[in-house]
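1. Whatever this is, show me its structure:
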Amino acid sequence: MKKYFKCMALISTLMIFSLFCLGCKTKNKEFRIGVLQWTEKIHAYNQTYKGVLDGLGDKGYKKGVNLEIDYKNVEQDKELALKTALYFVKKRVDLILTLGTGSTLAALEATEKKPIPIVFSIVGDPKATGIIRNYEDSGKNITGISMKVDVKEQFDMVKEVLPEMETLGIIYCTEMPQAVVTGKEATTAAAKLGWKPLTVSVTKRDLPELEKIVDSLAKKVDSIYIPTDPIMNLPENLQTIIRVSDKHKIPVVSVTKKDVEDGVLMAVHCDFYEIGRQAADPMVQILSGVNVRTIPSQKPIINKLSLNLKKAQNLNIKIKRQVILKTNNIID
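-> Got it, this is the predicted structure:
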């Protein structure tokens, strides 16, 4: 009997030692992450990626220590995005981080047969664009953090800034699904608020004529709204919209702080750095062994109002004191 107990004690000791060694091995393991970024030309994408890296670092995951990060920017090239995502699959990364709707759709297509976990960010409307089934359960090998701020919330603030507005111009490019979805959502929301929406959708082929298109629109509206649209948010296109609208003394409303810094009147938006930090949490859960399907997707925790007072002054728009008190970022 004593021999039996000695044997069992030895087995227990060996099991505990094995588990301890396994834990050490997991803790010291270097994980491989593929990063698929849609563009570097729009500042918000770079902010979000920085937020991800900082968030991972705060949780003990650092590049060159226990993370191997393979970063790829595809600069709005759908074919390159898919090719890069397939490369990550072939490389057998532990996780794919996607920044942008185009990148996310490419990663989903590439992982259909080999469901590597995906964490997305900078996606305008993941449910409407088919990225997730719903926020509670994506139905796929994916979870993440949306950049979506409800259009109604944006327009409620626009109404406070521009109380006399009657006709809202909405312009977006049909190239990207999130632009189409948020553009149509804006049209519906504007009508519900009692505004007359005048929506203009353009194709990539129409972009050389963007100045003429905006000029025609600006003559008919009281303000122009740009939804979540990586094409219209490219610096060259955004500046065309701002320049032509300024000529007609028409304010432009957008969805990022950077746009406001660049000359748009206002934006109600997420904090792009913070949604990057948010995205680090599901990434760490996945690297710790949690099934991606069990991690709910999220909307931004923090939304902000940015306002360009200099632009308001140039357009003879009087900003009420209660609006100033609600403003997180004042550009003057």
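2. Can you give me the buried ones in stretch 235-249?
-> Of the residues in stretch 235-249, those with enough neighbours to count as buried (16 or more other C-beta atoms under 10 Å) are 237-238, 240-242, 244-246. Heads up, the C-betas are built off the backbone N, CA and C, glycines and all.
3. Kindly provide the distance from I118 to K91.
-> If you measure I118 against K91 using C-beta to C-beta, to the nearest Å, the figure is 15 Å.
4. Let me fix that, I meant to ask about T129.
-> Here T129 is placed at a distance of 26 Å from K91 (C-beta to C-beta).
5. Could you check which of these two has the larger neighbour count?
-> When T129 is set against K91 and neighbours are counted by other C-beta atoms under 10 Å, the residue ahead is T129, at 19 against 12.
6. correct me, but that one touches L105?
-> Yes - with contact taken as C-beta atoms under 8 Å, T129 and L105 are classed as touching, separated by 7.5 Å.
7. overlap in contacts of these two?
-> Here T129 and L105 have P177 as joint contacts, going by C-beta atoms under 8 Å, 6 or more residues apart in numbering.
8. ok, and what's touching stretch 79-91?
-> Contacting residues not belonging to stretch 79-91 are listed as 32, 34, 36, 38, 70, 72, 74, 96, 102-103, 105-107, 109-111, 114, 116 [C-beta under 8 Å, 6+ apart].
9. if you set the cut-off to 6 Å instead, what comes out?
-> Contacts of stretch 79-91 from elsewhere in the structure, counted by C-beta atoms under 6 Å, 6 or more residues apart in numbering, are 34, 36, 72, 74, 96, 102-103, 106-107, 110, 114.
10. Just the closest of those residues to Q47, please.
-> Minimum distance to Q47 across those is 15.8 Å, recorded for S103 (C-beta to C-beta).
11. okay, now P227: neighbour count?
-> 27.
12. so what's it scoring on pLDDT?
-> Reading off the confidence values, P227 has pLDDT 95.
13. isn't there a strand covering Y172?
-> Yes - judged by DSSP: H, G, I helix; E, B strand; the rest coil, Y172 forms part of a strand.
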